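Asker: give me a model of this one.
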Amino acid sequence: MKPNVLIVDDDPSFLRLLQKDLEVFADSFSVSIAESGSAALEILANSYVSVVVSDLRMPGMDGFELLTGILNTFPDIPVCMMTSYDKPKTEEVVYKSGAVGYLKKPFSAMELFAQITKMLNKKADGGSLHNVTLETFLQLIEMEQQTSTLRVIDKKDKKSGVLFFRNGELMNARSGIKQGKDAAYEILSWSNVSLTIEHDCVFKEKLIEGDLQAILLDAMRAKDEIADEIEPEEDGGGGEILLDSPLHGDQPDTPEIKVPPAKPTVTVAKVRPPVQKPADLPPMTPIDLIRMKIKNAVGARDGVLGITHDPDWDGLILQASKIGEGINCGRLNILYVHKENDEQFIVVAGAEVTSIAISQDSPRDRIIAVLA
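Answerer: Have a look, this model is predicted:
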C-alpha cells in the first residue's frame, strides 16, 4: 500500500496549493487533507495514514492539541509541525512536545518533500516484507528479543495496524483507534499481509497482559473457528434469487425472469453457533505453546507423534544439568534422544519436563532450534 500523507491546515487555499505541488511525487505517496484538528483525528481513526504534517496555529484544536491527540492514540505516526509564527523557542518547544519535524512558512515543495521522505524512511528503516507468515515472524522477534515497531497491512481488505515490541515482548497494538489485546487479535486475524519494520518502539511500559505465545494461540484458534462459521453447502432443491427486493414502496417494473426447468445448484450459507471469543477460550497449556511453536515454524509435516509431560525423564534431565553446570555450560534446556529401538524424542526441560516423540523423517533440527 502506498504511503499516505495527511496535511492539516485551516487555510483551504493553502491546502489545495500544497496538494497540487505534491502531485509530482504521486508515485511516492498519496496526500489527504484536513481543515481542522478534529477532522484530522477523524481521518486518522478511519483511514490509513503514514505521516502527518500540521499547522501550529489553528482555531479550535490547535497543532499542539492535535499533536497530543496523535501521541496518545496513534503514537506510531510521526508528526511534522509547520508555522509562519516562528519565534526563538518555537522549534525547541515543538520538538520537546513530541514532533519529529519542523517547517517554517513559507517553504518550497522540495523542502516539504524532503521532510516527508525523512519521516517515511525512518518508519521503514528495518525494511519491508511481503507474503510472510505473520505468526512466524512475530515468534522470530520474540526469540531474538528485538525492539521493533511492525506496521501490518492487510492486503485483502486494505486495513492497517501496528504491533509494538520491546526486547521481544509485545507491549501494545493499534488498529484504527482500537488498542491493546483487542487490536492485536484483529491484526493477527489477517491472513495475507505485508510488513514494514522500524527498529524502535515508543512504548516502554507493557500495556498488553499475557505473553506473545498465549495471544498467538488464542488468535489462531479464534481465526480457525471464524473461518468455519460460514460454510458453503449445496442445496439440492430449487432456489429463488431476488434481484430486487425493496423494503418500502412498489416493486420495480422489471421483466419477469423465468427459471429453466433444470434445478440450479444454489450456494447458501450455513450459519453455525456463535464463535467463542478469545476471552472465552480455555487457558493455554505449556503443551499447547510447544505445539503451536512447532506448527508455525515447521508446518503440518513436523513428524510429531505426540507431546506429553513425562516424569520418567526427570532423572536424566537432572543428571545432564549437573554435568553442564560442572563444566560451566549452564543448565540444560533441551535434549535429543535416539534410543536403540529407533524411537526418537526431543525432551524440553522446565518446571514440568515435556517429551516430544518424533518420527524418523521429522525435521528435528528445526524443531530444536525453535524450542531451544
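
Asker: assign Gly98 to helix, strand or coil.
Answerer: The three-state label given to Gly98 by DSSP: H, G, I helix; E, B strand; the rest coil is coil.

Asker: and Arg16, what element?
Answerer: helix 12-21 (DSSP states H and E).

Asker: if I look at Asp21, how far off is Asn296?
Answerer: 47 Å (C-beta to C-beta, to the nearest Å). For the C-beta atoms, the positions are set from N, CA and C on the backbone; glycine is no exception.

Asker: the strands in the stretch 201-350 of the chain, which residues?
Answerer: Assigned by DSSP state E, counting those that start in this stretch, the strands in the stretch 201-350 of the chain fall at 230-235, 266-271, 304-309, 334-338, 344-348.

Asker: sorry, slip of the keys, the one I care about is the stretch 1-150 of the chain.
Answerer: 4-8, 30-34, 51-55, 79-83, 101-104, 128-132, 148-154.

Asker: mind checking which of those is nearest Pro363?
Answerer: strand 128-132 (19.9 Å; C-beta to C-beta).

Asker: so for the closest one, mean pLDDT?
Answerer: Mean pLDDT, computed over strand 128-132, is 52.

Asker: between Asp21 and Asn296, tell me which one has more neighbours.
Answerer: Asn296 (21 against 15; other C-beta atoms under 10 Å).

Asker: pretty sure that one sits against Phe137.
Answerer: No: applying C-beta atoms under 8 Å as the test, Asn296 and Phe137 come out as separate, 9.6 Å apart.

Asker: neighbours around Ile358, how many?
Answerer: So Ile358, with other C-beta under 10 Å, has 22 neighbours.

Asker: for it, what are its contacts?
Answerer: 302-305, 344-346, 364, 367 (C-beta atoms under 8 Å, 6 or more residues apart in numbering).

Asker: give the ChimeraX command for selecting the buried subset of these.
Answerer: The following ChimeraX command selects only the buried members of the contacts of Ile358, with burial defined by 16 or more other C-beta atoms under 10 Å:
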select :302,303,304,344,345,346,364,367
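
Asker: how is this structure partitioned into domains?
Answerer: Domain assignment for the chain by automatic domain parsing gives 4-123, 128-215, 286-371.

Asker: on that earlier part again, in the helix holding Arg16, which of the residues would be classed as buried?
Answerer: Counting neighbours by 16+ other C-beta under 10 Å, helix 12-21 gives 14-15, 18 as buried.

Asker: reformat those residues as CSV; add pLDDT and distance to Lys87.
Answerer: Compiled in CSV, those are given as follows (pLDDT from 0 to 100; distance: C-beta to C-beta, whole Å):
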residue, pLDDT, distance to Lys87
Phe14, 94, 20
Leu15, 94, 24
Leu18, 92, 23
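
Asker: which one of those residues is nearest to Gly69?
Answerer: Leu15 (19.5 Å).

Asker: find the nearest non-adjacent residue to that closest one, please.
Answerer: Using C-beta to C-beta, 6 or more residues apart in numbering and skipping the chain neighbours, the partner closest in space to Leu15 is Ile33 (4.5 Å).

Asker: how about low-confidence regions in the chain?
Answerer: Counting by pLDDT under 70, the chain shows low-confidence ranges at 123-132, 223-285, 297, 330-331.

Asker: and the helices in it?
Answerer: 12-21, 37-46, 63-73, 90-96, 109-123, 134-143, 181-188, 212-229, 286-298, 314-326, 364-371 (DSSP state H).

Asker: tell me the most buried of these?
Answerer: Highest mean neighbour count among these (mean count of other C-beta atoms under 10 Å): helix 181-188, with a mean of 21.

Asker: let's see it as CSV, backbone CA atoms only.
Answerer: What follows is helix 181-188, C-alpha atoms only, in CSV (Å, rounded to 0.1, in the frame of the first residue of the first chain):
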residue,chain,number,x,y,z
LYS,A,181,-5.2,-7.0,23.1
ASP,A,182,-8.4,-6.4,21.0
ALA,A,183,-6.3,-4.7,18.4
ALA,A,184,-3.7,-7.5,18.5
TYR,A,185,-6.4,-10.1,17.9
GLU,A,186,-7.8,-8.1,15.0
ILE,A,187,-4.3,-7.8,13.3
LEU,A,188,-3.5,-11.4,13.9
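
Asker: got the angle for that helix vs helix 134-143?
Answerer: Helix 181-188 and helix 134-143 are oriented at 120 degrees to each other (axes from the mean of the first three to the mean of the last three C-alpha atoms, to 10 degrees).

Asker: and helix 181-188, what other elements does it pack with?
Answerer: Packing contacts for helix 181-188, counted by 3 or more C-beta pairs under 8 Å, 6 or more residues apart in numbering; DSSP states H and E, involve helix 134-143, strand 159-166, strand 169-175, helix 212-229.

Asker: and the ones you listed: which comes nearest Ala372?
Answerer: helix 134-143 (9.0 Å).

Asker: report the angle between that closest one and helix 286-298.
Answerer: In terms of direction (the same axes, to 10 degrees), helix 134-143 departs from helix 286-298 by 110 degrees.

Asker: for helix 134-143, packing partners?
Answerer: strand 148-154, strand 159-166, strand 169-175, helix 181-188, strand 193-198, helix 212-229, helix 286-298.
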